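Colleague: Here is the input, now give the coordinates:
(chains A and B)
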Amino acid sequence: MSGDTSAAAASSAADHDGVVGPGTPLLEVRDLAVEFRTPEGNVRAVDGLSYRVAAGRTLAVVGESGSGKSVSSLAVMGLLPDTARVTHGEVLLAGEDLLSLSRREHRRRCGERIAMVFQDALAALNPVHTVGYQLTEALRRRRGMSRRDAGRRAVELLDLVGVPNARGRVKDYPHQFSGGMRQRVMIATALALDPDVLIADEPTTALDVTVQAQVLRLLAEIQAERRMGLVLITHDLGVVAGMADDVTVMYAGRVVERAPVRDTFGAPAHPYTRALLHSIPSSGAGGDGEGRRLPVIPGRPPSPAALPTGCAFHPRCDTARDVCRTDPPPLEAVAVDRASACHFAAEVLASHDVPPPVEHEEAAHD
Amino acid sequence: MGRYIARRVLQAVGTLLLVMLLLHLLTTVAIQLNGNPAQAFFGDKVASPTQLAAVEQRFNLDDPCFDQVGNPCLGPFVERLGQYARGDFGTNLRGREVSDIVAAAAPNTLRLFCVVLITWLALGMVLGSVAARRRGSTGDHGIRLTSVLIDAFPVFVLLIVYRYVVAVPLHRWAEETFGEDSWPPYWFKPSFDADHPWATVVVPGILLGLAGSAAFIRLVRAGQLEAYQGDHVRAARSKGLAERHVVVHHVVRNSSVPVVTAVGLTFAEALGGAVITEGLMNIYGMGGVLWEAVRNDDVGLVLGIVTLLAAVTVVVMIVVDIAYAVLDPRIRYD
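Modeller: Numbers count the residues shown, from 1 in each chain, chains lettered A, B, ... in the order given. A predicted model of the protein is given here:
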């Protein structure tokens, strides 16, 4: 893998001003690479990821499972397992590189300013402590808040995320909540220390569709109210369409496309993004789409341990040519605010053969 | 929570009655098949029928049902339950009250169990936690190897080696170093001393605890490893809490449920191990008394002590169940 050229390309794309849009970035990830130690040698799970999140903006990080999107957020939070390490890159929080700090300092900084909402709230909440304890654990341990104040704050937090009868429920345990309420509790836990940036790792994957929409709306409201930066990690493009301002598409550990959401949904600049958009079921499928099969991306995402040569997506790509099998495409600017890692990005961008974006109806902003 | 405890206590009483009934049926069948235990009272001497009848009456063996094989003899059982309820646990063959014997022997056994329990918890928690925290390290492998070695040495081997090889030189050394009246020589005394019950029970207790600790170490290690993998630990770390706090409140706390269960289960097992330890180290305790009673065909004493041990076990189980519910809120609302 020719890490050097692609890394340089990725950082040049990151330096390109205005990629993220207005506002100074609160959280900036620069050229992040994460490797896992395995019996078969080191495997690179994330390679050259860069993104920026500004206050009040939502960045969606999209990719299939195994694309490195969750691993990268763990790296940002300093929560990587022992078998993984960051091989290079920077995570700048208001200009300070978190990765240069000790792990202890790194984690202290997070929680305070960056908080995380995990995918499976039932697993992420400790079953043996009350919800109130977990909501205010950090406040009490780190801010030295008294038990009485913490109890009051816990009620406020539950109220904030719309848990009914908050006063009566702080003493309940996570298993006594429904899935959606549990995810609300999880969000409240993340808000306890008033973070500037919220990283939500597939926050609605474990929920029913109807509840998903409610939780997403809650996230959007809270974000707008507090002008937080939101990093939304998801594989659901419907969610992206409804919530995000910018999108970063990852494939096999690398960024393949970065763009404002409206632009990319109208005209993707990478064949992978285009294929993803094609495979969203259209909402009008009941009428005209009867009998029509939903297009899928052929093949499976590659194992990070055995990436294809050249462009990692070429075995599944409908526009792949010879050069794709040999040369990994650099991430390069293709338009204002947009970057794509495809040799034929201009061609893909010009071909406009995408259905109009399907907005996630419930979660739509406006 | 109150209902949960009430239900458990009721179950426990039922269990205890069942154990006593089973015990009664087994001894009844034994008497019916093996002949009159009242004979044992006379040892080698030949007793006259009147003497025999007097002894039978004294030990409640005069009921004709004991001569009919297959008769459950419920009459004497109910009678005995009535006596137990009045606090009368009968006498042994020499006429000593069973309750007196227990009052003398039980404290020593409890002392032994105290030491055993502390040894278990200390070894299990410390070594298990270290192994889990440094999974895959040399320390982890060493601790696992040690736990296998401990398992490979039965408690009586440990005790015999200690008693015949280590204790005497250590005892002599301690006497020479600290003086005869100081505490250390008693720690290494190769047999129990009723005047110094705590000092002389410490080392046997530690050895008995050591023998049972292997399963404990592995259990704590496995439980904590699972907890470390948990998403809730990651979530707790994401709040920026200190690692110490995370380990104590989210790893150790969560893995404590199986540990408490194991304490209860191993406790019952340790009652058996105590017979050997008490026997080898001459500790006058419940195990030793029971052993003697069985050897002397002392039915009254056996019944009394086994009933008592069953009651203790049942009480321990209730305590474990309650501890379980306190530790894991998901259990309470089953």
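
Colleague: Show me which residues of the stretch 201-334 of chain B sit near chain A.
Modeller: Counting by C-beta under 8 Å from any C-beta of the partner chain, the stretch 201-334 of chain B comes close to chain A at B:230-232, B:234-243, B:245, B:249-250, B:253-254, B:257, B:327-330, B:333. Bear in mind the C-beta positions are built from the backbone N, C-alpha and C, glycine included.

Colleague: now with 6 Å?
Modeller: B:231-232, B:234-235, B:237-241, B:245, B:250, B:254, B:328-330 (C-beta under 6 Å from any C-beta of the partner chain).

Colleague: Out of these, flag the one nearest to chain A.
Modeller: Nearest to chain A out of these is residue B:240 (C-beta to the nearest C-beta; 2.7 Å).

Colleague: for the stretch 101-250 of chain A, what spans make up the helices?
Modeller: Secondary structure of the stretch 101-250 of chain A by DSSP state H, counting those that start in this stretch: the helices cover A:103-112, A:121-124, A:131-143, A:147-160, A:166-169, A:179-191, A:209-226, A:237-243.

Colleague: nearest to chain B, of the ones you listed?
Modeller: Closest to chain B of the helices of the stretch 101-250 of chain A is helix A:103-112 (C-beta to the nearest C-beta; 2.7 Å).

Colleague: Distance from the closest one to the middle of the chain?
Modeller: 20 Å (C-alpha atoms, centre = their mean, to the nearest Å).

Colleague: Identify all contacting residues around it.
Modeller: A:77, A:78, A:98, A:138, A:193, B:237, B:239, B:240 (C-beta atoms under 6 Å, 6 or more residues apart in numbering or on different chains).

Colleague: Grab the two from those that are most spread out in space.
Modeller: Within the contacts of helix A:103-112, A:98 and A:138 form the most distant pair, 17.6 Å apart (C-beta to C-beta).

Colleague: from the residues of the stretch 201-334 of chain B next to chain A, which ones fall inside helices?
Modeller: Judged by DSSP state H, helices contain the following of those: B:231, B:232, B:234, B:235, B:237, B:238, B:245, B:254, B:329, B:330.

Colleague: Check those residues for burial and list the buried ones.
Modeller: Buried residues within these, defined by neighbour count using 16 or more other C-beta atoms under 10 Å in any protein chain shown: B:231, B:232, B:234, B:235, B:237, B:238, B:245, B:254, B:329.

Colleague: tell me the least confident of those?
Modeller: On pLDDT alone, residue B:329 ranks lowest of these, at 86.

Colleague: Hmm, residue A:172 and it touching each other?
Modeller: No. Residue B:329 lies out of contact with residue A:172 (C-beta atoms under 6 Å); the separation is 9.0 Å.

Colleague: For residue A:50, state which of the buried ones among the ones in helices among the residues of the stretch 201-334 of chain B next to chain A is nearest.
Modeller: Nearest to residue A:50 among those is residue B:238, at 22.2 Å by C-beta to C-beta.

Colleague: thought that closest one was touching residue A:116?
Modeller: Yes. Under the criterion of C-beta under 6 Å, residue B:238 makes contact with residue A:116 at 4.5 Å.

Colleague: Spit out the residues that contact the two alike.
Modeller: residue A:77.

Colleague: how about the helices of the stretch 51-200 of chain B, start to end?
Modeller: Under DSSP H, counting those that start in this stretch, the stretch 51-200 of chain B gives helices at B:74-85, B:98-133, B:138-152, B:155-161, B:168-178, B:184-187, B:199-229.

Colleague: Would you mark the buried spots in the longest one?
Modeller: Burial within helix B:98-133, assessed by neighbour count using 16+ other C-beta under 10 Å, is assigned to B:98, B:101-102, B:105-106, B:108-109, B:111-113, B:115-117, B:119-121, B:123-125, B:127-133.

Colleague: Likewise for the last one?
Modeller: By 16+ other C-beta under 10 Å, the buried positions in helix B:199-229 come out as B:199-221, B:223-225, B:227-228.

Colleague: Which residue is it, in the stretch 51-200 of chain B, that comes closest to chain A?
Modeller: The minimum distance from the stretch 51-200 of chain B to chain A, using C-beta to the nearest C-beta, falls at residue B:135 (8.4 Å).

Colleague: contacting residues for residue 134?
Modeller: If you meant another chain, say so; for now it's chain A. residue A:189.

Colleague: that's the wrong chain, I meant chain B
Modeller: Contacts of residue B:134 by C-beta under 6 Å, 6+ apart are residue B:140.

Colleague: Let me see the contact set for the residue nearest to residue A:182 when sequence neighbours are not counted.
Modeller: Closest residue in space to residue A:182, ignoring its immediate chain neighbours: residue A:121 at 4.1 Å, by C-beta to C-beta, 6 or more residues apart in numbering or on different chains. Neighbour list for residue A:121: A:182, A:183, A:186 [criterion: C-beta under 6 Å, 6+ apart].

Colleague: what would these look like in JSON lines with distance to residue A:267 and neighbour count?
Modeller: Converted to JSON lines, the contacts of residue A:121 look like this (distance: C-beta to C-beta, whole Å; neighbours: other C-beta atoms under 10 Å in any protein chain shown):
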{"residue": "A:182", "distance to residue A:267": "39", "neighbour count": "22"}
{"residue": "A:183", "distance to residue A:267": "34", "neighbour count": "31"}
{"residue": "A:186", "distance to residue A:267": "36", "neighbour count": "29"}
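
Colleague: Which one of these is nearest to residue B:311?
Modeller: So of those, ranked by how close each gets to residue B:311 (C-beta to C-beta), first place is residue A:182, at 43.1 Å.

Colleague: one step back: is it possible to get a markdown table of the buried ones among the ones in helices among the residues of the stretch 201-334 of chain B next to chain A that adds distance to residue A:163?
Modeller: Shown next, in a markdown table, are these (distance: C-beta to C-beta, whole Å):
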| residue | distance to residue A:163 |
| --- | --- |
| B:231 | 20 |
| B:232 | 19 |
| B:234 | 23 |
| B:235 | 18 |
| B:237 | 24 |
| B:238 | 21 |
| B:245 | 25 |
| B:254 | 24 |
| B:329 | 18 |
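
Colleague: what angle do the host helix or strand of residue A:72 and helix B:231-238 make?
Modeller: For residue A:72, the host element (DSSP states H and E) is helix A:69-77. If you take axes from the mean of the first three to the mean of the last three C-alpha atoms, to 10 degrees, helix A:69-77 sits at 40 degrees to helix B:231-238.

Colleague: Over helix A:69-77, what's the mean pLDDT, rounded is fine.
Modeller: Computed over helix A:69-77, the mean pLDDT rounds to 92.

Colleague: what packs against that helix?
Modeller: On a contact count with 3 or more C-beta pairs under 6 Å, 6 or more residues apart in numbering or on different chains; DSSP states H and E, helix A:69-77 meets strand A:25-38, strand A:41-54, strand A:197-201.

Colleague: Need the winner for burial among these.
Modeller: Comparing the helices and strands packed on helix A:69-77 on average neighbours per residue, with mean count of other C-beta atoms under 10 Å in any protein chain shown, the densest one is strand A:197-201 at a mean of 25.

Colleague: what does that one contact?
Modeller: So strand A:197-201 is contacted by A:26-27, A:70, A:73, A:114-119, A:228-233 (C-beta under 6 Å, 6+ apart).

Colleague: re the thing from before, lowest mean pLDDT across the helices of the stretch 51-200 of chain B, which one is that?
Modeller: helix B:184-187 (a mean of 82).
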